[in-house]
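Trainee: based on what follows, work out the 3D shape:
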Amino acid sequence: MPQEYIKIRGARENNLKNVSLQIPKRKITVFTGVSGSGKSSIVFDTISSEAQRLLNETFTAFVRNRLPRHRQPDVDMLENLSTAIVIDQKRLGGNSRSTLGTITDLYAVLRLLFSRVGQPFVGYSNVFSFNDPQGMCPECQGIGKKVELDLKKLLDTTKSLNEGAVLFPIFSVDSWYLKNFTMSGFFDNDKKLEDYTEAEWELLLYGREGKVKYPSKGGPVESDFEGLVLKFNRLYIQRDSSELSERTLNHVKAFITHGPCSLCKGTRLSQEALSCKILGYNIAELAALEIGELRKFILEIKEPMAASMVTSLTERLGHLIDMGLDYLTLSRETTTLSGGESQRVKMVRHLGSSLTDMMYVFDEPSVGLHPRDVHRLNGMLLKLRDKGNTVLIVEHDRDVIEIADHVVDVGPNAGSRGGEIVFEGTVEQLNSQEATLTGRYMKRCLPIKPQVRTPAGRMRITNANHHNLQNVTVDVPEGVLTVVTGVAGSGKSSLIHHAFLSQYPDAVVIDQSAVSTSIRSNPATFTGIMDDIRGLFAKANSQSPSLFSFNSKGACPDCRGLGFIYTDLAFMEGVKSPCDTCDGRRFKDKVLSYKLDGKMITDVLDMTVQQALDFFEKSEIQRRLEALHDVGLHYLTLGQPLSTLSGGESQRIKLASELHKQGKIYVMDEPTTGLHMSDVGHLLDMMNRLVDNGSSVIVIEHNLDVIRQADWIIDLGPEGGSRGGQIVFEGTPAQLARAEGSLTGSYI
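Mentor: The predicted model follows:
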């Protein structure tokens with residue numbers, strides 16, 4: 001059968017420069033290139049967007065109106081597309097009712113299993129659902145947690161009611177709420193709470209003593225007496241938070257605790273559901289088992305009626321194990337999964353599919369994976385291809401690039417200096433390419449650091465037990481670059497984000513949470529230099545700074561500072577057209593008549609970071625622009641909407657916005673995410689500059705180049721989940737390379 005191709009001609013999305021391309025079908029094609037070069041513009045904004053749009057076009061207008069909208073990309077021709085399944089890095093999200101079990105449908109099969117073979121029989125599968133009134137715990141409504149008033153925080157028992165024993169501000173000494181108690185006649189208002197009898201405590205906290213008369217200017221007022229806990233719960237905990245002011249909510253948060261439900265002990269289920277068991281385990285106990293252990297248990301069920309359910313469960317659990325997720329549990333809330341974990345969970349949902357000739361689109365699937373586990377990922381990708389599917393991958397990891405049948409390298413650089421195809425061919429051909437950045441760096445690795453810094457002190461973490469940490473005590477050195485390593489689920493995030501940061505809350509944290517992607521946010525507003533720029537324009541023209549904001553007085557009145565008019569066409573694709581009044585410039589004409597050194601405010605927003613560095617002299621602006629330059633974002637324009645940035649660019653702009661802070665401790669969570677191999681060196685230069693200036697830098701990372709260049713390494717493991725949570729190694733990179741028992745050591 002002759003090779004078929006996806007054909008693209010004249011693609012111009014974002015920074016693409018009239019790109020034409022042929023991508024082989026039923027093969028693995030990896031797109032490489034520096035962050036911001038245009039990889040995502042080809043794969044996501046052109047190919048998969050059009051494939052999804054064309055699929056939606058096959059539905060009726062009624063259905064299309066309820067589907068996500070995909071606009072037609074700016075391309076002359078796009079042929080031979082298959083149905084696209086996009087598996088991106090967006091976190092699974094959901095709410096407190098969404099778990100790994102519910103999102104993968106594994107819990108639905110488990111519920112069916114218990115309804116058929118569990119003993120004693122208590123009902124059908126909905127009885128085992130914590131999202132169904134039939135199955136949820138009546139005490140916590142299936143959440144597994146209860147919000148409760150913390151009496152230790154609320155009351156100072158060394159004081160009396162008249163001395164202000166109730167610490168919640170709204171119950172201050174002269175407040176009407178406290179008079180409800182002091183004028184009731186039930187209490188000695190000068191008696192310290194610690195001296196109350198048991199009966200007085202019960203009355204104060206939970207009493208319902210009927211009507212009480214309170215004196216007032218207009219005569220006695222009759223009111224119900226209500227104990228302090230009952231009143232607080234009614235006024236604040238049982239009310240919808242949207243009814244409370246932000247100030248009141250902040251007050252309330254300081255006096256409440258979140259703990260497991262006292263009835264269901266956090267299992268979320270009714271006592272009836274928990275009474276039904278298979279081989280001595282109830283459904284909550286199975287959902288709390290690590291996936292590797294759960295699969296072993298399911299295989300022990302020999303009931304003939306359970307055969308098909310056992311097969312389904314073991315196959316899907318096996319896929320999760322193959323993806324290196326054996327340390328997770330089905331009861332794990334989806335909101336707690338990382339971007340890399342979320343992406344691998346999404347992959348699992350498609351591995352059992354019998355559909356062929358699909359197009360699977362991946363965004364850096366190696367994110368969050370230890371080098372040990374990348375081969376498992378590669379096995380999944382090859383399996384998808386071998387079933388007759390087209391696999392498109394945006395990736396920076398050398399090991400994933402190595403399995404490609406075809407490589408497309410986009411560049412040569414980022415932003416306006418990218419958007420071109422600089423190489424197409426096999427991995428072998430790429431490796432011999434010295435003309436492209438990717439070709440040059442495929443075989444180039446940074447050496448192990450020969451000379452390491454001497455720590456200026458130690459920051460001790462003592463007896464850390466969060467999640468799977470097993471009573472860990474470890475010293476994090478001060479004044480050096482420390483890298484925390486280990487396989488996924490080994491306890492790296494628990495050690496640093498929970499144990500370490502709880503002791504050092506003033507540390508500057510740069511994690512992988514998304515930056516604001518509003519159409520009104522741009523590098524100038526995000527880094528804070530827009531305020532300085534508006535101040536300079538205001539001073540030079542004797543005007544108000546708010547006049548130079550498209551979010552305030554300076555906004556074009558017709559488009560309200562957006563620069564375009566959006567017309568909703570119901571089930572058809574909406575239309576964005578440039579605003580006729582301001583020609584897309586977002587400002588009133590009056591604003592554009594004012595200049596700073598010959599430049600209008602729109603001219604400044606059109607400048608790249610590099611151009612702005614040459615234009616501005618103010619030290620505060622220079623410092624923040626240099627931070628953007630240092631993280632490799634010199635090509636971004638100051639006014640480019642953040643919604644158009646790639647994942648790697650988003651993380652680096654956040655990094656740049658934090659660098660000007662005078663933090664002595666920096667914590668970074670996989671900062672190489674989205675970074676090309678050639679940019680890792682720049683990132684390391686920046687980290688080393690922070691350390692040289694007296695800061696302590698702690699990095700959670702899988703990238704071997706970063707690990708090799710650390711001053712000190714803390715390696716967790718040896719595996720993930722219950723088989724992790726221990727310190728496997730502490731020392732320098734050179735010592736790690738010789739260490740036995742460390743998976744990381746065997747790879748550096």
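Trainee: so how far is residue 363 from residue 395?
Mentor: From residue 395 over to residue 363 the distance is 9 Å, taken as CB to CB, to the nearest Å. Just so you know, the C-beta spots here come from the backbone N, C-alpha and C atoms, and that holds for glycine as well.
Trainee: my guess is residue 108 contacts residue 131. True?
Mentor: No: taking contacts as CB atoms under 8 Å, residue 108 lies outside contact range of residue 131: 10.8 Å.
Trainee: joint contacts of the two?
Mentor: Common neighbours of residue 108 and residue 131, using CB atoms under 8 Å, 6 or more residues apart in numbering, are residue 102.
Trainee: partner strands of the helix or strand where residue 727 lies, parallel or antiparallel?
Mentor: Applying DSSP states H and E as the criterion places residue 727 in strand 726-731. Partners of strand 726-731 in the sheet, by DSSP bridges, are strand 712-717 (antiparallel).
Trainee: restricting to C-alpha, output the strand it pairs with in CSV.
Mentor: Provided in CSV are the C-alpha atoms of strand 712-717 (Å, rounded to 0.1, in the frame of the first residue of the first chain):
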residue,chain,number,x,y,z
TRP,A,712,23.8,18.9,45.7
ILE,A,713,21.3,16.1,44.9
ILE,A,714,18.5,14.6,47.0
ASP,A,715,17.2,11.4,45.4
LEU,A,716,13.9,9.9,46.5
GLY,A,717,12.6,6.5,45.9
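Trainee: for it, give the mean pLDDT please.
Mentor: For strand 712-717, mean pLDDT rounds to 95.
Trainee: tally up the residues packed near residue 500, please.
Mentor: 22 (other CB atoms under 10 Å).
Trainee: what's the end-to-end length of stretch 298-308?
Mentor: Start to finish, the residues bounding stretch 298-308 are 12 Å apart (CA to CA, to the nearest Å).
Trainee: what mean pLDDT does that stretch have?
Mentor: According to the model, stretch 298-308 has a mean pLDDT of 95.
Trainee: do stretch 525-540 as well
Mentor: Mean pLDDT, stretch 525-540: 92.
Trainee: in it, what's buried?
Mentor: Of the residues in stretch 525-540, 525, 526, 527, 529, 530, 532, 533, 534, 536, 537, 538 count as buried by neighbour count, 16 or more other CB atoms under 10 Å.
Trainee: show me what contacts the third one?
Mentor: Right, the one you point to is residue 527. Residues near residue 527 by CB under 8 Å, 6+ apart: 624, 627, 628, 653, 656, 657.
Trainee: three-state assignment of the third one?
Mentor: Classification of residue 628 into helix, strand or coil gives helix, according to DSSP: H, G, I helix; E, B strand; the rest coil.
Trainee: surely it and residue 522 touch.
Mentor: No: with contacts counted by CB under 8 Å, residue 628 stays clear of residue 522, the gap being 11.8 Å.
Trainee: more neighbours, those two?
Mentor: Shown here are residue 628 and residue 522; by other CB under 10 Å, residue 628 has more neighbours (28 against 23).
Trainee: for that one, what are its contacts?
Mentor: 523, 527, 609, 634, 636, 653, 656.
Trainee: report the buried residues of stretch 497-516.
Mentor: Neighbour counts over stretch 497-516 (16+ other CB under 10 Å) mark 497-501, 504, 507-512, 515 as buried.
Trainee: let me see the mean pLDDT of it.
Mentor: 84.
Trainee: what's the answer for stretch 319-339, then?
Mentor: Mean predicted lDDT for stretch 319-339 stands at 87.
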